[in-house]
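[1] missing the sequence, but the structure's below:
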């Protein structure tokens, strides 16, 4: 979430909402930005039943909010909201986590085909032919 917050100048004036897996983070976002912040269950590919519950939670959020754009810096909730948002007509911008040094994250690899903008924070991972751009790091 800290990397996403570094992009505030790009979305700071927009009507936005957040999706996180942490209630404390959600509370801080609500307080700082006076906006909606939803909490979904923590899950990964080793827990398919939890992923199914997360998918259901994300579906309800996207249907309620009807985003025109989705911006994510990774992980399962970002991946799911990106796909659901795209199905609802939203544009998708993905910024792969700086933690992924040698290859794109699994979520990033899944989202890349549907992303309008796909950014990596490692110059070596950029690939113009595949639509993966490097514009710098979020530090």
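    Nice, I can see it. Note that the structure is a prediction, hence the values are computed from the model and not measured. Residues are numbered from 1 along each chain as shown.
[2] check contacts around residue 32.
    By Cβ atoms under 8 Å, 6 or more residues apart in numbering, no residues touch residue 32. Glycine gets a C-beta too; all of them are placed from N, C-alpha and C.
[3] actually residue 62, sorry about that
    81, 84, 85, 88.
[4] same check, this time on residue 97
    3, 73, 74, 75, 105, 108, 121.
[5] Model confidence for the residue nearest to the spatial centre of the chain, exactly?
    Central residue of the chain (Cα atoms, centre = their mean): residue 72, 2.1 Å from the mean position. Residue 72 carries a pLDDT value of 92.
[6] same thing with the one 3 residues further on?
    The predicted local confidence for residue 75 comes out at a pLDDT of 89.
[7] my guess is residue 39 meets residue 27, correct?
    No: assessed by Cβ atoms under 8 Å, residue 39 is found out of contact with residue 27, at 9.3 Å.
[8] Which of these two has more residues huddled nearby?
    A direct count of neighbours by other Cβ atoms under 10 Å for residue 39 and residue 27 places residue 39 higher, at 17 against 13.
[9] Highest neighbour count among the contacts of residue 62?
    residue 81 leads the contacts of residue 62 on contacts (other Cβ under 10 Å) with 28 neighbours.
[10] which residues touch the helix or strand hosting that one?
    Assigned by DSSP states H and E, residue 81 belongs to helix 75-87. Contacts to helix 75-87, defined as Cβ under 8 Å, 6+ apart, come from residues 19-21, 40, 43-45, 51, 54-55, 58-59, 61-62, 67, 69-70, 72, 92, 94, 97, 105, 107, 110-111, 114-115.
[11] and stretch 42-49, which residues are buried?
    Within stretch 42-49, the residues scored as buried using 16 or more other Cβ atoms under 10 Å are residue 43.
[12] okay, how far is it across it, tip to tip?
    Using Cα to Cα, to the nearest Å, the gap from the first to the last residue of stretch 42-49 comes to 11 Å.
[13] How about stretch 80-99?
    Chord length of stretch 80-99, first to last residue, is 20 Å (Cα to Cα).
[14] swap in stretch 41-55?
    From its first residue to its last, stretch 41-55 covers 9 Å (Cα to Cα).
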